[in-house]
Every structure is written in C-alpha cells, then in structure tokens.
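**Q** Predicted coordinates and the sequence they were generated for:
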Amino acid sequence: MKIFKRVLFGILGALIIIIATASAVRTTGRLLNSRTPKGGINESLYVDINGTKQWISIYGKDKNNPVLLYLHGGPGYSTSMMDYAFTRKWADVYTVVTWDQRAAGKSWLNNPKDTTPININTMMEDGVEMTEFLRSHLGKDKISIIGHSWGSIYGAMLVQDHPEYYDCFIGTGMVVDLTKNEERYWEAAREWAKGNEEDEQLIEKCASGEIPKLSREYYQARQGMMEKYGYNISAEKSDYSIPATCFFNPYYSLWDWYRFMKGTAGSNPYQDWDESEEFNSLSILDRTEYKVPYYNINGDMDYQANSGLAQDYFDSVKAPRKKMYYMKNMAHGLLEIRSGEFSDIVHEIAAMERAE
C-alpha cells in the first residue's frame, strides 16, 4: 500500500511539474508575442459593428505605414487561432488588421447565441462599418484590402462599391463566380480520375446534379477528391509550426481554447447562407472596372478557388495597375502554408504602391 501511494504521488508530482512548466513556457511565449514594436502598434479589441461586437487585432512596426485589412475565408472560417504567424511577416511594410468577421472566431466566441441571419447585405454593411472605424481609429484616409478565398470576392465587392475608402486590392485564392467555380472543379476532377471507374461515376453524379450541389454528400465527395489527388489545402507542410503558433497565441486564453475545442459557441450560423441560392450565385464576372490597383496571388494547383477562372477574370479587369502572381505547385492554402514566399510577394506589392 505504501509503495502504491508513493507511485501515485510520484505520478501526480510529475504531472504538476509538467503542467506548471508548460504553463510557464506558454505564458512567456504569449508575453513575447504581446510586445508592441518600438514606434509601432499592437492592439486587440472588440468593435461595435452593425449591432454586434466584432474582434480585431492591429499589429505593425511603424504607425506611419499604410493599413492592410486581412479578410479571412469561409465564410465563417476565422484564422485567428494562428494567423498572427503569417500576417506579422507583412508588419514591417503595413499596419495589419486581422478581423474575425461576424459570428466567426473570437467574434463568435464573444456572442455564441447570436442567431442574426447572414446575408450579403449584412456582410457588406459590416465591411463598410469596419472600414470606417479603422480609418478613424488609425487616422488614415484610405486603407488596403487583402482577401483570401471568400474574403477575396468579399473584398473585391467592397472595393468596387466604395473606392473612396480603399487604395489597393489584393486577392488570393481568388473567387470570382461560385457557380462557374464548381463547373471548373469537376472538369479538372475528370482529368484526375481518368481510368478510375468508381471516381468517374461519382464525379458525373456530382457534376450532373444527381448528387445535389448543396448536400453533405456533395461536399464530402468534393473534398475527398481533392485529398485523394493531392490538391487539398493541407497537402503541403507549412513553413512554420502551426501547433506552436496556436500554443503561443497571444490573443487566445485557455478559456477561449476550451470553448473553441468543445464547440460551445453553438452551431455555425453561416450554414444556411452557405446553402442558399444567394451565396451560391455570388459573382463578380461582369464587374471588371476597378478604380484602385488590382493584384492577385494564386496557387497554380488551386482548384478549390479555380486559378484558371481567376486568370480569365484577371485578363478582363481594367484597373490603374494590375499584376498576377502564381505560387508554383501550390493549392488553396498558400498564405497559410508557404508564408515566407507569400510575404515576399506582399512586400513586392507594397514597394510598387509606395513607388507611385
């Protein structure tokens, strides 16, 4: 009995030491990531936007730099659990604002019972109000936008509707038409699956509508094809440690992580919109006039947001200045996976904009 107690106390003691050490290491890392650069800015706050409190972080090494608003994808898929790792790589040339859009990420965790219907009008109103807040809060007449996936078409619409507020648009994983994007996807999938009768039959069922476009079976088949043939967002290992980035995240408390992991924020309020005719008919194909410089950074293996369709649209765009960048052998997760290479392109764009 005495031996058992000693072993038990030994195990408990070891666990306490491990937990205490991990806590101390995490606290130290979070404190380091919470530092404000000399002459710069590092803020985290909730902003009253269109009837809800929405979370943003602001980080930059020089307050005089232009402001770049990062629009995450989804819709409803926040990257705030890790995005400081790649957005801060732009912070020497931009004051970078990351925003957890309505009912996403920390905005969702702050108000998990919000059931306000999501639609394009609400999202556009949110975008304008957030822009107006940032212009006032940071003392800038205009700001730049970088949008990934859903955030790219969202940002493009904001820039086109309100060119008086923006000075540059950067789209990555560029979405231009939800319906045509799906058509291009299944065209590509047919090529991947040639010779595999089972996959060919499944593709034809999805492409023909036999498996309804908005059904769970459809999305499982779509995702399964990308994973099987090596085109999914996580097909390549990232150039930084995502687990360490999450562990040392200065914006997420343990309580935030607990709710995030347990899913206590409730069901996804974007689900009904994702499956709506309004969302799936979103398109900017006939909106090709931009009053600000237009840039694209796309992966040449991106079929989630079809890079060929993005190229066709880019060719039709009229803007004061435009440029297309391709990251080779890269799928949809380009800014999250090859963050160093992506950052080099962002720096090149910033240099071009400053030269004007």
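**A** Looks like it arrived, so ask away.
**Q** so where's this structure shaky on pLDDT?
**A** 1-26, 29, 234-235, 263-268 (pLDDT under 70).
**Q** Give me the residue at the spatial middle of it.
**A** residue 72 (2.8 Å; CA atoms, centre = their mean).
**Q** got a list of what it touches?
**A** 78-80, 83, 98-101, 104-105, 148-151 (CB atoms under 8 Å, 6 or more residues apart in numbering). Every C-beta, even on glycine, is put in place using the N, C-alpha and C of the backbone.
**Q** Doesn't residue 116 belong to a strand?
**A** No: applying DSSP: H, G, I helix; E, B strand; the rest coil, one finds residue 116 to be coil, outside a strand.
**Q** can you count the residues close to it?
**A** By the criterion of other CB atoms under 10 Å, residue 116 has 13 neighbours.
**Q** for residue 146, what are its contacts?
**A** 68, 69, 70, 71, 155, 170, 171, 172, 346.
**Q** Show the backbone phi and psi for it.
**A** phi -130, psi 120 (degrees, to the nearest 10).
**Q** Which secondary structure elements does the helix or strand hosting residue 128 sit against?
**A** Counting by DSSP states H and E, the element that carries residue 128 is helix 120-137. If you count contacts as 3 or more CB pairs under 8 Å, 6 or more residues apart in numbering; DSSP states H and E, helix 120-137 packs onto strand 41-49, strand 52-60, strand 67-71, strand 143-148, helix 150-161.
**Q** rewinding a little: distance of the residue nearest to the centre of the chain from residue 115?
**A** 21 Å (CB to CB, to the nearest Å).
**Q** try residue 227
**A** Applying CB to CB to residue 227 and residue 115 gives a distance of 32 Å.
**Q** Could you do residue 180 as well?
**A** 32 Å.
**Q** Between the two, point out the one with more neighbours.
**A** Neighbour count, other CB under 10 Å: between residue 180 and residue 115, residue 180 has more, with 15 against 11.
**Q** My read is that the more buried one contacts residue 308, right?
**A** No: checked against CB atoms under 8 Å, the pair residue 180 and residue 308 is beyond contact range at 10.2 Å.
**Q** who's in contact with stretch 177-186?
**A** Residues from elsewhere that reach stretch 177-186 (CB under 8 Å, 6+ apart): 175, 203, 206-207, 213, 222, 279-285, 303-306, 308-309, 313.
**Q** Please check those and keep the buried ones.
**A** For the contacts of stretch 177-186, a burial check counting by 16 or more other CB atoms under 10 Å picks out 175, 203, 206-207, 222, 279-280, 282-284, 303-306, 309, 313.
**Q** what sits against residue 100?
**A** 54, 55, 56, 72, 78, 80, 106, 107, 108.
**Q** Widest-spaced pair of those residues?
**A** 56 and 108 (13.8 Å; CB to CB).
**Q** What segments of the stretch 251-356 of the chain are helices?
**A** Counting by DSSP state H, counting those that start in this stretch, the segments of the stretch 251-356 of the chain that form helices are 254-262, 271-274, 277-280, 307-316, 334-337, 339-355.
**Q** Could I get the contacting residues of the nearest residue to residue 318 once chain neighbours are set aside?
**A** Of all residues not flanking residue 318 in the chain, residue 289 sits nearest, at 5.4 Å (CB to CB, 6 or more residues apart in numbering). For residue 289, the contacting residues are 160, 318, 319, by CB under 8 Å, 6+ apart.
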